[in-house]
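Asks: Have a look at this fold, sequence not included:
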Ligand SMILES: C=CC1=C(C)c2cc3[nH]c(cc4nc(cc5[nH]c(cc1n2)c(C)c5CCC(=O)O)C(CCC(=O)O)=C4C)c(C)c3C=C
Ligand SMILES: [Fe+2]
Ligand SMILES: [Fe+2]
């Protein structure tokens with residue numbers, strides 16, 4: 001019997017340093033997130049980052065936490081519940097990090113007789129630190145604990161016409177009462193090194209501004225190409241004016257160079273250029289989370305206004321909107337009935 005495994009990133013159990021620390025430990029000790037040799041990773045994460053970051057992150061989480069829990073988890077649960085109503089096969093939700101593990105979710109599915117699983121990493125774009133780590137972890141868990149199930153993975157859906165349509169419609173809805181001077185598409189950043197590491201040709205991705213628009217097999221795994229493509233497709237779908245739309249990258253950690261331009265610098269630049277009314281789209285995420293609700297909706301607003309901006313609007317992610325659930329349900333039903341992955 002077929003079933004669906006949705007996987008998102010995961011959150012700590014509560015917004016306290018006690019719960020944030022083990023969550024960050026699991027997250028940052030992932031070799032696809034901090035990709036340095038294990039000994040160095042141990043030193044960097046446990047010896048340096050985890051000494052101060054849990055307290056700082058817990059404070060940020062406390063600002064956005066809901067009565068029911070972490071927004072990312074609650075929204076993912078609502079999405080899962082709605083998807084169940086639109087499909088006639090079992091659907092389970094797991095998280096890459098934290099207590100809602102992939103193993104528990106697969107247990108839930110196999111307990112209902114499932115032996116053919118569609119794995120859906122809840123990320124539109126491919127990055128080794130998001131999509132790839134979910135796939136690798138799910139395969140490890142499958143091999144070790146569920147050797148009799150078959151896993152099929154939904155590809156990154158960053159340019160799927162269905163996805164672009166619902167994303168565009170939700171952006172149009174968000175812009176309805178907002179006269180903007182500029183729309184910034186702010187995506188989660190990654191270290192530039194990860195782009196080169198994920199390039200199967202080993203020479204295509206030069207991060208020089210042009211490689212991402214020259215057709216290449218490297219684009220299957222190039223996060224930078226994929227996010228720019230999402231921006232361009234939404235721009236075309238909505239007929240957004242040239243010159244009023246740009247792309248940037250948020251949430252970097254100190255250390256190596258990350259993808260540029262950096263979102264916080266862009267807030268300042270745009271305000272100084274006289275863009276008074278700014279809308280921000282966070283399309284690297286399908287559900288709102290710490291990085292959208294705190295970093296963009298709260299901190300970003302302050303940064304933009306401090307630099308001279310006047311009106312600021314964060315456009316919510318797709319979350320559990322009916323239109324987005326329907327798109328996912330169509331993909332699932334296509335796979336269930338016709339063995340076709342429409343993405
Ligand atoms: C879009 C997908 C994501 C990519 C790619 C990604 C890369 C990446 N992230 C970190 C470090 C942190 N990210 C944190 C939070 C966080 N990251 C994503 C998504 C991607 N990360 C989400 C959805 C969230 C929010 C989770 C939530 O509970 O709401 C955090 C934790 C918070 C903090 O302390 O800032 C860290 C740390 C790295 C290093 C990285 C690529 C190398
Ligand atoms: Fe992140
Ligand atoms: Fe590229």
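Replies: Received the coordinates, thanks. Computed from a predicted model, the values in this text were never measured in an experiment. Ligands and ions are numbered 1, 2, ... in the order given.
Asks: Can you tell me the element residue 85 falls in?
Replies: helix 71-86 (DSSP states H and E).
Asks: what residues does stretch 302-322 touch?
Replies: For stretch 302-322, contacts defined as Cβ atoms under 8 Å, 6 or more residues apart in numbering pick out 75, 78-79, 82, 166-167, 170-171, 174-175, 178, 180, 264, 267-268, 270-272, 275-283, 285-288, 292, 296-297, 300-301, 324. In short, each C-beta sits where N, CA and C put it, glycine included.
Asks: Mind doing that once more with 6 Å?
Replies: 75, 78-79, 82, 170-171, 174, 178, 264, 267-268, 271, 276-281, 285-288, 296-297, 301, 324 (Cβ atoms under 6 Å, 6 or more residues apart in numbering).
Asks: coming back round to it: so how far is whatever helix or strand comes next after the helix holding residue 85 from its chain's centroid?
Replies: Next helix or strand after helix 71-86 toward the C-terminus (DSSP H and E): strand 91-95. The chain centroid and the centroid of strand 91-95 are separated by 16 Å, computed with Cα atoms, centre = their mean, to the nearest Å.
Asks: strands paired with strand 91-95, and their directions?
Replies: strand 2-8 (parallel) (DSSP bridges).
Asks: Can you name every helix or strand that the helix or strand where residue 39 lies contacts?
Replies: Following DSSP H and E, one finds residue 39 within helix 38-42. Taking 3 or more Cβ pairs under 6 Å, 6 or more residues apart in numbering; DSSP states H and E as the contact definition, helix 38-42 has no neighbouring helices or strands.
Asks: which parts of that helix are buried?
Replies: residue 41 (16 or more other Cβ atoms under 10 Å).
Asks: OK, contacts around the residue positioned nearest the centre of the chain?
Replies: Residue closest to the mean C-alpha point of the chain, counted by Cα atoms, centre = their mean, is residue 285 at 3.5 Å. Residues near residue 285 by Cβ under 6 Å, 6+ apart: 292, 317.
Asks: now with 7 Å?
Replies: 291-292, 317 (Cβ atoms under 7 Å, 6 or more residues apart in numbering).
Asks: ok, the helix or strand bottoming out on mean pLDDT in the chain near ligand 3 or not?
Replies: Least confident helix or strand of the chain, by mean pLDDT, DSSP states H and E, is helix 192-197 with a mean of 93. No: Helix 192-197 does not reach ligand 3 (Cβ under 5 Å from the ion); its nearest approach is 6.5 Å.
Asks: I'd like the next helix or strand past that helix.
Replies: helix 223-238.
Asks: That following helix - contacts with which helices or strands?
Replies: helix 161-174, strand 245-250 (3 or more Cβ pairs under 7 Å, 6 or more residues apart in numbering; DSSP states H and E).
Asks: Mind listing residues that contact it?
Replies: Residues contacting helix 223-238 (Cβ under 7 Å, 6+ apart): 124-127, 156, 158-159, 164-165, 167-168, 171-172, 185, 187, 190, 195, 207, 212, 219, 245, 247, 259, 283-284.
Asks: interface residues of the stretch 151-300 of the chain facing ligand 3?
Replies: 205, 211-212, 222, 225.
Asks: Give me the neighbour count for residue 334.
Replies: Neighbouring residues of residue 334 were enumerated by other Cβ atoms under 10 Å; the total is 14.
Asks: try residue 201
Replies: By other Cβ under 10 Å, neighbour count at residue 201 equals 9.
Asks: Burial check on the closest residue to it other than its chain neighbours, number of neighbours?
Replies: Among residues not flanking residue 201 along the chain, residue 218 sits closest, at 5.3 Å (Cβ to Cβ, 6 or more residues apart in numbering). Number of residues near residue 218 (other Cβ under 10 Å) recorded here: 21.
Asks: wait, what's in contact with residue 218?
Replies: 199-201, 204-205.
Asks: between the residues you listed, which has the most around it?
Replies: residue 205 (25 neighbours).
Asks: ok so residue 144 is a strand residue?
Replies: No: counting by DSSP: H, G, I helix; E, B strand; the rest coil, one finds residue 144 to be helix, located in no strand.
Asks: ok, how many other residues are close to it?
Replies: 9.
Asks: Need the pLDDT of it.
Replies: On pLDDT, residue 144 comes in at 98.
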